[in-house]
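In: sharing a sequence plus its predicted fold:
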Amino acid sequence: MPACLRLGGVVADFRVDQAAGLRRLLGGGQQLQVVTFVAGCEGVGRSVAVANIGVALARLGKEVLIIDEHAPGDDIASTFGLIARSDLLNVVQRETPLSQVLLQPMHGLRVLPAAKAVKKLGRLSLGQQQTLLDAMCGLERPVDVILVDASTTHPHGFSPFGLAAQEAVVVLSGNSASITEAYSLIKKVSHAFSRKHFRILVNKVRSHPDARSIYENIAQVAAQRGIARLDYAGAIPLDEALRQAAQLCRPVLVQAPESPSSVAFRDIASDMLYWQRSESEAGGVEHFMQQLLHLSQRITPNVLRA
């Protein structure tokens with residue numbers, strides 16, 4: 001079991017004004033890739049994308065942990081035909097061991113329901129924070145990649161996971177409302193937390209040229225106004241196989257592995273492994289969780305709703 005960092009006086013002594021500093025708080029340890037998927041509105045297919053990218057990464061030999069901020073019925077578990085009966089909050093409150101909360105839909109892929117826990121991260125006692133750290137550091141198998149399916153209804157306006165993660169992928173579809181809401185989210189997070197880099201994943205698109213056009217338009221506006229640098233994460237085509245797989249509560253990579261959307265998910269997962277990471281963002285699970293806890297204590301409620 002890896003040695004976890006102790007909280008003690010670290011929380012009380014921590015001083016930082018920018019979320020960028022929080023992301024660089026600790027270094028060293030096992031390298032871990034953490035990618036949060038966010039959206040400006042619901043209905044863009046974010047959760048289905050996260051589930052399928054997780055499957056693709058697991059099939060590439062990676063140990064993947066999906067942290068899910070959504071309540072049962074609208075969660076990642078249901079994408080795999082599973083039911084989440086516990087939450088990370090039960091672990092924090094010492095009611096249930098982490099091993100009994102985790103779901104494993106396939107080899108190399110685990111799902112951690114955290115809808116209740118994420119809403120209370122900023123109000124955990126030091127003892128509860130330490131319990132969370134110990135549990136996450138005590139995962140039976142090391143994690144290579146953490147994918148966060150972030151909720152659009154976080155009480156602080158934006159998920160702390162999205163700020164603590166190395167990468168934030170904004171999922172949008174081709175309709176104008178989705179694009180507008182995505183840009184609005186990027187602008188608010190950039191101004192409130194000085195996050196200046198996002199990736200754009202275009203879902204439910206008719207063609208790759210259409211996806212590229214959508215990305216280039218929003219990226220150009222963000223750059224011209226000094227909002228943020230946006231990189232292209234890829235595109236998922238409109239695909240009947242994907243719709244059918246969702247109805248069957250199965251990832252399309254399992255249901256129709258040669259479908260256009262499956263090919264796209266595999267391409268995105270492969271590309272993700274080569275996304276550049278700075279040395280200051282390197283670290284293991286304990287590194288990520290420490291940053292998450294520090295950041296959660298310092299997000300001002302409704303800061304993004306102004």
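Out: Happy to help now that I have it.
In: could you pull out the helices for the stretch 201-306 of the chain?
Out: All helices of the stretch 201-306 of the chain, identified by DSSP state H, counting those that start in this stretch, fall at 208-224, 240-247, 252-255, 260-272, 285-296.
In: contact partners for the nearest residue to Asp87 once chain neighbours are set aside?
Out: Among residues not flanking Asp87 along the chain, Lys116 sits closest, at 4.3 Å (Cβ to Cβ, 6 or more residues apart in numbering). Every C-beta, even on glycine, is put in place using the N, C-alpha and C of the backbone. If you count contacts by Cβ atoms under 8 Å, 6 or more residues apart in numbering, Lys116 has them with 87-89.
In: now swap in Phe198 and tell me
Out: Contact analysis of Phe198 by Cβ under 8 Å, 6+ apart lists 168-170, 186, 228-231.
In: would you mark the buried spots in stretch 205-222?
Out: Across stretch 205-222, burial judged by 16 or more other Cβ atoms under 10 Å covers 205, 211, 214-215, 218-219, 222.
In: if we can go back for a sec, among the contacts of Lys116, which one has the most neighbours?
Out: Top of the contacts of Lys116 by neighbour number is Leu88, holding 26 neighbours under the definition other Cβ atoms under 10 Å.
In: how far away is that residue from Arg123?
Out: Taken as Cβ to Cβ, to the nearest Å, the spacing of Leu88 relative to Arg123 amounts to 14 Å.
In: so what pLDDT did Asn175 get?
Out: On pLDDT, Asn175 comes in at 89.
In: since we're on it, how many residues are nearby?
Out: Summarising burial for Asn175: neighbours were counted as other Cβ under 10 Å, giving 14.
In: do the one 5 residues further on as well
Out: By other Cβ under 10 Å, the residues close to Thr180 number 14.
In: quick one: secondary structure of it?
Out: Following DSSP: H, G, I helix; E, B strand; the rest coil, we place Thr180 in the helix state.
In: strands of this structure, residue ranges please.
Out: Assignment of strands within the chain using DSSP state E yields the ranges 33-38, 64-68, 103-106, 109-113, 145-149, 167-173, 197-205, 229-237.
In: quick check: angle from the second one to strand 33-38?
Out: Orientation note: strand 64-68 sits at an angle of 30 degrees relative to strand 33-38 (axes from the mean of the first three to the mean of the last three Cα atoms, to 10 degrees).
In: mean confidence for strand 64-68?
Out: Confidence over strand 64-68 (mean pLDDT, whole number) is 96.
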